[in-house]
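# pasting a predicted model and its sequence here:
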Amino acid sequence: MNMEQLILSLPKAELHLHIEGTFEPELMFIIAKRNNIKLKYKSVEELKKAYKFNNLQDFLDIYYEGCNALLHEQDFYDLTYAYFTKAYEQNIVHAEIMFAPQTHTNRGVSFETVIAGIYRAQADANKNYNISSKLIISFLRHLDEEAAFEVFEQAKPFRGLIDAIGLDSSELNHPPAKFKHIFREARKNGFFITAHAGEEGPPEYIWEAINILKADRIDHGNRCLENEELVKYLADNQIPLTICPLSNLKLKVVDDLKKHPLKEMLDKGLFININSDDPAYFGGYLNKNYIELQKHLNLTESEIIILAKNSIKASMLTEDEKNFHLSNF
Ligand code: HPA
Ligand code: ZN
């Protein structure tokens, strides 16, 4: 079996995926047209040409623009179900999906519209593709904590559909500590906690995510490598880091996949797994992330298997569910 076949054949979980970041240009134009929304770009080709980013903020500006096309429950269903179809083709058996309610409620779309469409797609994917999934609300960190409390309030009637609370958007100058109170509330309510930290922000933000937000899992976390004590803590406590190689390349967190720190992270005993982040914008879905990294870092078969197993182990699934998936390796 060659490496590509191996990567395809392994059962995998995806744990760092923004559903709004799976919005393919073709679908964006279809939905914008049926909603009578004029996009900033005239064609799919023109839009794709704009996908050149120098940093996280460059990307976020275009990504929020694309979200403007999404208005109705069916739009959120179509977006989410399209992701699950890709996931099925890649042998993803479990997905933990983030959505950012504020991106939509701030445009006048109700929380219920968004979650109803996403949930219906999750249920259909479970039935048609046998993919299980969890849902993560991600607060926008460039907005204030009060706004996060408002989302939390809107989410209350849908508690049973939501598994975790996360934190994303512009990292620099928006440290995790800014959201100390709302994450305390989220924890009290039994949510699993994730937070983006150490993508562009310093190691100190990772410490804050752990010590102040009490994060169960860190999204990205690349910059932990600048702090030996932090690496030791993350390794000793086996805190999962969701690594996103093509995202790191496209947002210039690394300037070449050959210099991606994933292998160094594995060698240091960090509990890492591979994810696609915003695949419609970063040039590939989950398997492409594995394949490109394997090629550029010369990862071995056993390293690939460890990464895929880690994705299952770092998920929110129960021990029995994890053991079931791990028995298929
Ligand atoms: N980082 C921060 N915010 C985001 C990302 C990311 O990688 N993707 C979507 N929102
Ligand atoms: Zn992300």
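Thanks, I have it. Numbers count the residues shown, from 1 in each chain. Ligands and ions are numbered 1, 2, ... in the order given.

# so how far is residue 168 from residue 202?
Residue 202 is 17 Å from residue 168, where distance means C-beta to C-beta, to the nearest Å. Using the backbone N, CA and C atoms, a C-beta is placed for each residue, glycine as well.

# what about these two, which has more around it?
residue 168 (26 against 16; other C-beta atoms under 10 Å).

# so how far is ligand 1 from the more buried one?
Taken as C-beta to the nearest ligand atom, to the nearest Å, the spacing of residue 168 relative to ligand 1 amounts to 4 Å.

# next one: residue 97
Remark: distance between residue 97 and ligand 1 (C-beta to the nearest ligand atom) = 12 Å.

# same question for residue 68.
Computed with C-beta to the nearest ligand atom, the distance linking residue 68 and ligand 1 is 15 Å.

# next one: residue 146
Going from residue 146 to ligand 1 by C-beta to the nearest ligand atom gives 20 Å.

# check what pLDDT that residue gets.
Predicted confidence (pLDDT) for residue 146: 98.

# number of residues surrounding it?
Using other C-beta under 10 Å, residue 146 has 9 neighbouring residues.

# how far away from the center of its chain is the one helix or strand it maps to?
Assigning secondary structure by DSSP states H and E places residue 146 in helix 145-155. Taking the mean of its C-alpha atoms, helix 145-155 sits 20 Å from the chain's own mean (C-alpha atoms, centre = their mean, to the nearest Å).

# equivalent analysis for stretch 44-51, please.
Taking the mean of its C-alpha atoms, stretch 44-51 sits 22 Å from the chain's own mean (C-alpha atoms, centre = their mean).

# now do the buried residues in it.
Applying a neighbour-count criterion of 16 or more other C-beta atoms under 10 Å, the buried positions in stretch 44-51 are 47, 51.

# for it, C-alpha coordinates in PDB please.
Listed in PDB are the C-alpha atoms of stretch 44-51, where the atom choice follows Å, rounded to 0.1, in the frame of the first residue of the first chain:
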ATOM      1  CA  VAL A  44     -15.800  31.800  -8.900                       C
ATOM      2  CA  GLU A  45     -12.500  32.400 -10.600                       C
ATOM      3  CA  GLU A  46     -12.200  36.000  -9.400                       C
ATOM      4  CA  LEU A  47     -13.000  34.900  -5.900                       C
ATOM      5  CA  LYS A  48     -10.400  32.100  -6.000                       C
ATOM      6  CA  LYS A  49      -7.800  34.600  -7.100                       C
ATOM      7  CA  ALA A  50      -8.400  36.600  -4.000                       C
ATOM      8  CA  TYR A  51      -7.400  33.600  -1.800                       C
END
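
# do it and ligand 1 meet?
No - no part of stretch 44-51 sits close enough to ligand 1 to count as contact by C-beta under 6 Å from any ligand atom; the gap is at least 13.5 Å.

# quick check: mean pLDDT across the lengthiest helix in the chain?
Secondary structure of the chain read by DSSP state H shows that its longest helix is helix 111-129. Confidence over helix 111-129, taken as the mean pLDDT, stands at 99.

# quick check: next helix or strand after that helix?
Read in the C-terminal direction, the helix or strand following helix 111-129 is strand 132-140, with elements assigned using DSSP H and E.

# which helices and strands does that next one pack with?
Using 3 or more C-beta pairs under 8 Å, 6 or more residues apart in numbering; DSSP states H and E as the contact criterion, the secondary-structure elements in contact with strand 132-140 are strand 92-99, helix 101-105, helix 111-129, helix 145-155, strand 164-168, strand 192-197.

# save the ones you listed as JSON lines, and put in distance to residue 77 too.
Supplementary listing: these in JSON lines, determined by distance: least, C-beta to C-beta, whole Å:
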{"stretch": "strand 92-99", "distance to residue 77": "13"}
{"stretch": "helix 101-105", "distance to residue 77": "14"}
{"stretch": "helix 111-129", "distance to residue 77": "4"}
{"stretch": "helix 145-155", "distance to residue 77": "19"}
{"stretch": "strand 164-168", "distance to residue 77": "21"}
{"stretch": "strand 192-197", "distance to residue 77": "24"}
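
# so which of the ones you listed is nearest residue 325?
Nearest to residue 325 among those is strand 92-99; the distance by C-beta to C-beta comes to 5.9 Å.
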